[in-house]
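> Structure, please.
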Amino acid sequence: MTVFSHILISSFLISLAALVGIFSLSKRKEFLQKIVFSLVSLSAGTLMGGAFLHLIPEALERLRPESVFGIVLISFSSFYLIEKIFHWRHCHEPKCQIHTFGYMNLVGDSIHNFIDGLIIAAAFLTNIPLGISTTVAIAMHEIPQEMGDFGVLIYSGFEKNRALFLNFLVALTTILGGIVGYFLAVRVGPLRIYLLAFAAGGFLYVSASDLIPEIRKETELKKSLISFVFFLIGLAIIYFIKDIA
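Now for the predicted structure:
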């Protein structure tokens, strides 16, 4: 299988996460809140692990440390700016005040998904194991995010079928990002390495700014320990996936 095929398939699988809204419709609110909390913890672990265990080390093999960490910092700041401009936030509850308008959420999510596609392309062009681990980290994050985004659209006044369709349509921008990322990186070889460092900054921002603060809202010791276990599971998945791949 070619690298381009890996990118297309992985991007499409990530896009399918938008359809978890169908699953959301069939489950009780209490059950959804319980699994979303665990998924958020898992997501935080995979993103943090992806940044520190795969993306940054890979970038450091090809760029000077000051360049790598400079790009990581620029990326971290850029994700903050995107969040502020487009009111894009990784909400995991059906009613989230920062999602004032459903359409604004869709615009922000499309940009986020496009960036995910660029990251997937850069990772696979570096090597297949890195591409797989990066795709897993993004997938673990997309599932709880898409459940939240679907709820946002419903509470913004969208009819259920229309919300599912728009959410999936926006998710397809991941494929577009993958295609653009592939052809850009082929033409400009070093670009993929810079994208890896940029991806690391994005992973760290989402994990540290959006996910971990949400996990910390839980005050009950038992649930907090369970969330920490899922966080460690996320780290372990990313740690071992390179050897498996």
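> And the top helix by length along the chain, what does it pack against?
With residue count as the measure and DSSP state H as the assignment, the chain has helix 128-155 as its longest helix. Helix 128-155 sits against helix 3-15, helix 20-25, helix 29-49, helix 102-126, helix 160-171, helix 191-205, helix 221-244, with contacts defined as 3 or more Cβ pairs under 8 Å, 6 or more residues apart in numbering; DSSP states H and E. Placement of C-beta: from N, CA and C, glycine included.
> Gly177 is nearest to which of those?
Shortest separation from Gly177 across those is recorded for helix 102-126, at 2.1 Å, computed as Cβ to Cβ.
> Report the distance from the closest one to the chain centre.
8 Å (Cα atoms, centre = their mean, to the nearest Å).
> tell me the phi and psi of Gly63?
Heads up, residue 63 is Leu, not Gly. When read as degrees, to the nearest 10, the backbone of Leu63 gives phi -130, psi 160.
> That one contacts Ala197, correct?
Yes: the pair Leu63 and Ala197 qualifies as a contact (Cβ atoms under 8 Å) at a distance of 7.0 Å.
> anything in contact with each of those two?
Ile71 (Cβ atoms under 8 Å, 6 or more residues apart in numbering).
> more neighbours, these two?
Ranked by neighbour count (other Cβ atoms under 10 Å), Leu63 and Ala197 place Ala197 first, with 26 against 18.
> Which residue, other than its chain neighbours, is closest to Tyr194?
Ile71 (5.9 Å; Cβ to Cβ, 6 or more residues apart in numbering).
> how near is that neighbour to Arg64?
Relative to Arg64, Ile71 is positioned 11 Å away (criterion: Cβ to Cβ, to the nearest Å).
> now do the same end-to-end measure for stretch 196-212.
The first and last residues of stretch 196-212 sit 22 Å apart, counting by Cα to Cα, to the nearest Å.
> what's it in contact with?
Contacts for stretch 196-212 (Cβ under 8 Å, 6+ apart): 40-41, 43-44, 47-48, 50-52, 55-56, 58-59, 63, 67-69, 71-76, 78-80, 83, 89-90, 115, 119, 122-123, 126, 130, 134, 137, 141.
> could you redo the last one with a cut-off of 6 Å?
Applying Cβ atoms under 6 Å, 6 or more residues apart in numbering, the set of residues contacting stretch 196-212 from outside is 40, 43-44, 47-48, 50-51, 55-56, 58-59, 68, 71-72, 75-76, 79, 90, 119, 122.
> what about the residue nearest to Tyr194, how many neighbours?
Burial of Ile71 is recorded as 21 neighbouring residues (other Cβ under 10 Å).
> From Ser227, how far out is Gly131?
Look at Gly131 and Ser227: by Cβ to Cβ, they are 28 Å apart.
> now swap in Ile154 and tell me
For Ile154, the distance to Ser227 under the criterion Cβ to Cβ works out to 26 Å.
> Who has more neighbours out of these two?
Neighbour totals were compared for Ile154 and Ser227, and Ser227 leads with 23 against 20 (other Cβ under 10 Å).
> Does that one touch Ile215 like I think?
Yes: in this structure Ser227 lies within contact range of Ile215 using Cβ atoms under 6 Å: 5.1 Å.
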